[in-house]
Structure formats: structure tokens, C-alpha cells
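Undergrad: how would this look folded up:
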Amino acid sequence: MRMKKLSDIYEKDRPRERLKIKGPGALKNHELIAVILGRGIEGSDVLEMSKDIERILDGSFDSLSLKSLMSVKGIGEAKALQILAVAELGRRYLSKKSGKKITCAEDVWNEVYEYGRRKQEYLITLTLDGAGYLIEKRVVTIGILDRSLVHPREVFVDAITDRSAGLIMVHNHPSGQLFPSREDRRITERISRAGELLGIELLDHIIVTKEGWYSFAEEGDI
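TA: Got it, this is the predicted structure:
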């Protein structure tokens, strides 16, 4: 059965009109996408395009990209970028509603303070979006930290999956010594350089003990 085109639909039943009258909750996903698109092009109706984009989203939100959107007939670069911007804005506000904003080392301490009492060394990463909201907190390694164990691949693999804009690295000192060792500084420099190459900024490296924290960023070491 042929799908109706927008021009075939009675005006009051068109997505934009329904949005105006009934609100966004009354619209299906592809209808909301159609409102964002605005209109189709010759040979590509806006509802058909919206259905194609909905299928991309149904597969996985992570599959939404400039390339995947431009594979939809009728979607050019400008419209694809517009959709990506809307999707990212929505994701950030969702993070703001359900997540936590990290603005300083104390915010990080509130997330990881329990590791300050551990008797083994833990390396933890916090991934953040572009607005500074926490995406995920993860334990990367357990054991003595040195450059051979702290490989950039292990630190950034989940940050890449999260599409994070920034990363904070945390590890504990079971000895209780708050100041960074020479090895801590070398690790920080190595991870920071890798982040520059990947486009994911190392925002801070924080050492925690049961007494408190040391922040490389606050001390001007990053």
C-alpha cells in the first residue's frame, strides 16, 4: 500500500498542525521528525524521508551520523547537520534532567570518594558531554598504576563510544599520599596528548585518598 504524502493529508491532520493543536505528545516519532525537516524535495516526500530517519534511530541512536542521515534520499548536508544538532541538544537536556553536572574537583570527589579508602589502586574515568554533564563513571583498571597498564586505548575506548567531549581520570593512593608521583605526571601527560589526537579533552586527573583529593587542573598541572 502506498504511503500517503503530506500533500494528500487533510491540513488539520498534518504533523505541524497537529503539533500546534494537540502538542508534541500526540505525534508519532516520524511525524516529529517531519516537523523538524519542514518539507521534502521533488521526488522525496517529507513523511517518507522521516520514516527513513526513524529507521536509523530505531537501529541505534549511536548510528545517527552525518553519513547515515545523508544516505536518506532528499537529505543534504545542511538538513543532516540540523537534525544532528537537535538530537544532541535533546540528549544534553536529558542528561541535565537525569544526570549531574561536573564543574569542579569537588563534584568529582562526591562521585568517587569511596575509592579513597580502597587498599588497591583503582583507575576510574568519568565521561562528560559538551555541556559538562556526567555521561558515565567506570573502573578501568585495578592494581598498581604505571604507563604500561594505563594505555590510552583502555582509557578512551568507552569515551569514544559515549561520544563524550571530555574525560576526567581519577585514581586513588592507598598510601594516603595526596601529591602526585613522577609516574602520575607521566601518565597524565601521555593521556592528555592522546586526548588531543582523539578530540576528547582530558579535563582533569584527580588523585583521591580518604582525606581528600589532588586535582591536576586546579593545581595548574594540565
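
Undergrad: counting contacts, what elements does the helix or strand residue 90 falls within pack onto?
TA: According to DSSP states H and E, residue 90 maps onto helix 77-98. When contacts are defined as 3 or more C-beta pairs under 8 Å, 6 or more residues apart in numbering; DSSP states H and E, helix 77-98 packs onto helix 29-37, helix 66-70. Using the backbone N, CA and C atoms, a C-beta is placed for each residue, glycine as well.

Undergrad: Show me what the shortest one is packed up against.
TA: Right, helix 66-70. With 3+ C-beta pairs under 8 Å, 6+ apart as the test, helix 66-70 has helix 46-59, helix 77-98 packed against it.

Undergrad: how many other residues sit next to the residue lying closest to residue 120 once chain neighbours are set aside?
TA: Using C-beta to C-beta, 6 or more residues apart in numbering and skipping the chain neighbours, the partner closest in space to residue 120 is residue 142 (5.6 Å). Residues contacting residue 142 under the criterion other C-beta atoms under 10 Å number 12.

Undergrad: before we move on, the earlier item: then the helix holding residue 90 to PDB, C-alphas only?
TA: This file holds the C-alpha atoms of helix 77-98, laid out as PDB (Å, rounded to 0.1, in the frame of the first residue of the first chain):
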ATOM      1  CA  GLU A  77      24.300  18.200   4.400                       C
ATOM      2  CA  ALA A  78      22.600  21.300   5.900                       C
ATOM      3  CA  LYS A  79      19.500  19.400   6.900                       C
ATOM      4  CA  ALA A  80      21.500  16.500   8.300                       C
ATOM      5  CA  LEU A  81      23.500  18.900  10.400                       C
ATOM      6  CA  GLN A  82      20.300  20.500  11.600                       C
ATOM      7  CA  ILE A  83      18.900  17.100  12.700                       C
ATOM      8  CA  LEU A  84      22.200  16.200  14.500                       C
ATOM      9  CA  ALA A  85      22.100  19.500  16.300                       C
ATOM     10  CA  VAL A  86      18.500  18.900  17.500                       C
ATOM     11  CA  ALA A  87      19.400  15.300  18.600                       C
ATOM     12  CA  GLU A  88      22.400  16.400  20.500                       C
ATOM     13  CA  LEU A  89      20.600  19.300  22.200                       C
ATOM     14  CA  GLY A  90      17.900  16.900  23.300                       C
ATOM     15  CA  ARG A  91      20.400  14.400  24.600                       C
ATOM     16  CA  ARG A  92      22.200  17.200  26.600                       C
ATOM     17  CA  TYR A  93      18.900  18.300  28.200                       C
ATOM     18  CA  LEU A  94      18.000  14.700  29.000                       C
ATOM     19  CA  SER A  95      21.500  14.400  30.700                       C
ATOM     20  CA  LYS A  96      20.800  17.600  32.600                       C
ATOM     21  CA  LYS A  97      17.500  16.300  33.800                       C
ATOM     22  CA  SER A  98      18.700  12.900  34.900                       C
END
